[in-house]
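Peer 1: Got a predicted structure plus its sequence, pasted below:
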Amino acid sequence: MGPGPSPVPQRVYEALGQPVVGHLDPYLFGIFDELQALLRKVFGTENPYTLAISGTGTSGMEASVWSLVDPGAKVAVLVNGFFCDRIAEMARRQGAEVVRLEKPWGEAFDDDEAREFILREKPRVVAFVHAETSTGVLQPGKAICDSAHEVGALVIGDCVTSLGNLPVDVDETGIDIAYSCSQKGLGCVPGLSPITVSPQAVAHLRGRSSPNPSFYLDLGLLYDYWVGRKYHHTASATLFYALSEALAIIDEEGLQNRFRRIEANHKAFVAGVEAMGLQMHVAAPHRLWPLNAVRVPDGISEAAVRGHMLNDEGIEILGGFGLLTGRVFRIGIMGAGSTRENVLRVLDALEAALAKEGFRAAGKGRAAAEAWYEGR
Ligand code: PLP
């Protein structure tokens, strides 16, 4: 119950055990076709360019930056957490002129300040993180994308923690390249990075005057493999079986039902932690449903609390890192792991672990969460 990987359904594990086929086998290309259709649904897009890169979420981030960012180009990054900072660092390594709009870790940018920044800087590329896993903040993208398009910039949106956990709505929002991972909201194992690219961004990457410096993460070459059936790398058929099964499970549940489930379990969890006298790190309107950052009470060692939860209950959560080191617990209630049973178990375990460290909970977390479920 950390920030991912999230629990993997048995059906996905079974898919991983199926026989390997070659990376050019028509059977695998059939799976690619199905995956494209299912990924378009979760991303909320009609983009013909939609596939999954062989690599973790970071490969999607790097593929996006390397595809859109030319050396010397101005890149505007909205930085309010660890992963936005990583995008800025990748753009810097690519030789871009990086301009940053900063926000304390735990806050979201409002529409006006994002717009003012983008119109003032007039960058070629804008990047933001939709769901900042390091802080638990949801960053809406519509105003960012509208402003970017007004100045002719393309937008990269990191949807690593949002895809499959909450609405991403790529087309409605206007994100030009959205990427994600397989191991969080989609409930698959780590190893793949779903990505979708708008026709405008495809035109940009096809029209480059110099080749993409990365061969492995060249989005043009990847599309030529997925759709043109032209060898690029030896893709792991097994991982694609697993992703296909994970997406089939999501399709069977229905996206809206899935989002309602994840939102409800988040709300019940918040009712529980607040009843215990704990505080959420992020203000209610900006909270992520799948990733809950809970402030560590004064004088309590978050590492010790996590240690008790792992050793006594076998429940893994993570702490904060970067600017939030020692200050928050990061508790994932996402994908297939977002269940009433898990919410109640994690609340019990957190309460017991905090008690071992001398923190007296103000009320019973479990009772408050149960009351929330009964009252809805
Ligand atoms: N972006 C965000 C928002 C993330 O949370 C993560 C990982 O947790 C990444 C990017 C990098 O993904 P990966 O660790 O799968 O490479």
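Peer 2: Structure's in. What do you need? Source: prediction; values computed, not measured.

Peer 1: Helices along the stretch 101-250 of the chain, start to end?
Peer 2: For the stretch 101-250 of the chain, helices defined by DSSP state H, counting those that start in this stretch occupy the ranges 111-121, 142-150, 170-173, 199-206, 219-226, 237-253.

Peer 1: Can I get these in CSV including mean pLDDT and distance to K41?
Peer 2: Placement of C-beta: from N, CA and C, glycine included. Below are those laid out as CSV (pLDDT from 0 to 100; distance: least, C-beta to C-beta, whole Å):
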stretch, mean pLDDT, distance to K41
helix 111-121, 98, 28
helix 142-150, 98, 20
helix 170-173, 98, 11
helix 199-206, 96, 19
helix 219-226, 97, 17
helix 237-253, 98, 7
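
Peer 1: quick one: which of the ones you listed is nearest the ligand?
Peer 2: With C-beta to the nearest ligand atom, the closest approach to the ligand among these belongs to helix 237-253: 12.9 Å.

Peer 1: Alpha carbons of the closest one, as CSV, please.
Peer 2: Output of helix 237-253 as CSV, limited to C-alpha atoms (Å, rounded to 0.1, in the frame of the first residue of the first chain):
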residue,chain,number,x,y,z
ALA,A,237,5.5,-10.6,-25.1
THR,A,238,4.9,-11.7,-21.5
LEU,A,239,4.7,-8.1,-20.2
PHE,A,240,2.2,-7.3,-22.9
TYR,A,241,0.0,-10.3,-22.1
ALA,A,242,0.0,-9.0,-18.5
LEU,A,243,-0.9,-5.4,-19.5
SER,A,244,-3.6,-6.7,-21.8
GLU,A,245,-5.2,-8.7,-19.0
ALA,A,246,-4.9,-5.7,-16.6
LEU,A,247,-6.7,-3.5,-19.1
ALA,A,248,-9.4,-6.1,-19.7
ILE,A,249,-10.1,-6.2,-16.0
ILE,A,250,-10.5,-2.4,-16.0
ASP,A,251,-12.8,-2.6,-19.0
GLU,A,252,-14.9,-5.2,-17.3
GLU,A,253,-15.2,-3.0,-14.2
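
Peer 1: about what we covered before: in JSON lines, list the helices of the stretch 101-250 of the chain along with distance to the ligand and mean neighbour count.
Peer 2: JSON lines is the format used below for the helices of the stretch 101-250 of the chain (distance: least, C-beta to the nearest ligand atom, whole Å; neighbours: other C-beta atoms under 10 Å):
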{"stretch": "helix 111-121", "distance to the ligand": "18", "mean neighbour count": "16"}
{"stretch": "helix 142-150", "distance to the ligand": "16", "mean neighbour count": "20"}
{"stretch": "helix 170-173", "distance to the ligand": "16", "mean neighbour count": "20"}
{"stretch": "helix 199-206", "distance to the ligand": "19", "mean neighbour count": "16"}
{"stretch": "helix 219-226", "distance to the ligand": "17", "mean neighbour count": "20"}
{"stretch": "helix 237-253", "distance to the ligand": "13", "mean neighbour count": "20"}
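
Peer 1: Switch those helices over to CSV; also include distance to L347.
Peer 2: Formatted as CSV, the helices of the stretch 101-250 of the chain follow (distance: least, C-beta to C-beta, whole Å):
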stretch, distance to L347
helix 111-121, 35
helix 142-150, 34
helix 170-173, 33
helix 199-206, 43
helix 219-226, 43
helix 237-253, 24
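
Peer 1: Thanks a lot, see you next time.
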